[in-house]
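Enquirer: A predicted structure for the sequence below; I have some questions about it.
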Amino acid sequence: MQSNDNVEFSRLITLDKISMTETGRHVAADAAERAALATRFDLLGLDRLEADLRLRRTGAKVIRLDGHLSADVVQSCVVSLKPVPAKLEVDFEMFFSEDVGATEADLTVEYDHDDPPEPVQGGQIDLGEVVAEQLGLNLDPYPRAAGAALPGGWQTTTEAELEAVRKEEKPNPFEVLKQIKTPKRED
């Protein structure tokens, strides 16, 4: 397989290697790839990133990918900036379509439906980039170290406090207009 220079972690598979019977791949990032991904996702460390992937054609030019991602990451605490280590174990499923001639109307996303298949371009799927994207999607957006607290005097707002502010009567800004009387026009 070739390497894709545009991404930090590239493992290409050509579509001719995927059939109706399941094709398995194990991908793992080496130290340089993990360092580049740590920079991309603003991580303090990425000690392990690997995935077991299963691909098969489902017919009608659609390819199904089932995967299990395993990673050891270190993020920065949003409060104290201390390291927050975490283990990720994520199962995911994606679909790809060879039909790159689909119209924009065919690709309209409906929020109560599954995502449309990802288009395949150039006759290959970059399994490394798929795994990297899944890593990014599954990182904790607000990692917090055990015992991390806001500095003295800072308080978080509770949901009840927010609701009270929302219900609070506020003066109508147009009340002042009622006090202004316009002279009647005489024609």
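Expert: Structure's in. What do you need?

Enquirer: Would you map the helices across this protein?
Expert: 31-40, 127-138, 159-167, 175-179 (DSSP state H).

Enquirer: Of all the ones you listed, which one is nearest residue 151?
Expert: Evaluated over those, closeness to residue 151 peaks at helix 159-167, with 19.4 Å, by Cβ to Cβ. Backbone N, C-alpha and C define where each C-beta goes, glycine included.

Enquirer: and residue 14, how many residues sit next to it?
Expert: When neighbours are counted by other Cβ atoms under 10 Å, residue 14 registers 12.

Enquirer: how far away is it from residue 135?
Expert: Using Cβ to Cβ, to the nearest Å, residue 14 is found at 24 Å from residue 135.

Enquirer: what do you get for residue 173?
Expert: Residue 173 is 48 Å from residue 135, by Cβ to Cβ.

Enquirer: What of residue 185?
Expert: 71 Å.

Enquirer: who has more neighbours, these two?
Expert: Between residue 185 and residue 135, counted using other Cβ under 10 Å, residue 135 has the larger neighbour count: 23 against 5.

Enquirer: Can you tell me the closest non-neighbouring residue to that one?
Expert: Using Cβ to Cβ, 6 or more residues apart in numbering and skipping residues adjacent in sequence, the residue nearest residue 135 is residue 71, 5.8 Å away.

Enquirer: Any idea what the one you found is bridged to?
Expert: Beta bridges link residue 71 to residue 49, residue 88, judged by DSSP bridges.

Enquirer: How many residues are close by it?
Expert: 24.

Enquirer: residue nearest the centroid of the chain?
Expert: residue 137 (3.0 Å; Cα atoms, centre = their mean).

Enquirer: quick one: that one and residue 178, what's the gap?
Expert: 53 Å.

Enquirer: Show residues contacting stretch 78-86.
Expert: With Cβ atoms under 8 Å, 6 or more residues apart in numbering as the test, stretch 78-86 has contacts from 44-45, 72-77, 140, 142-145, 148-150.

Enquirer: Buried subset of those, written for PyMOL?
Expert: Selection of the buried residues among the contacts of stretch 78-86 in PyMOL, burial being defined by 16 or more other Cβ atoms under 10 Å:
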select buried, resi 44+73+75+77+143+145
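
Enquirer: Which strand residues bridge residue 76?
Expert: residue 83.

Enquirer: Can you give me the pLDDT of the residue nearest to the centre of the chain?
Expert: Listed pLDDT for residue 137 reads 96.

Enquirer: for residue 179, same thing?
Expert: pLDDT at residue 179 comes out at 74.

Enquirer: contacting residues for the residue nearest to residue 135?
Expert: 46, 48, 49, 50, 87, 88, 135.

Enquirer: Swap in 10 Å and give it another go.
Expert: Contacts for residue 71 were tallied using Cβ atoms under 10 Å, 6 or more residues apart in numbering; they are 29, 34, 37, 43, 46-51, 86-90, 131, 134-135, 138-139.
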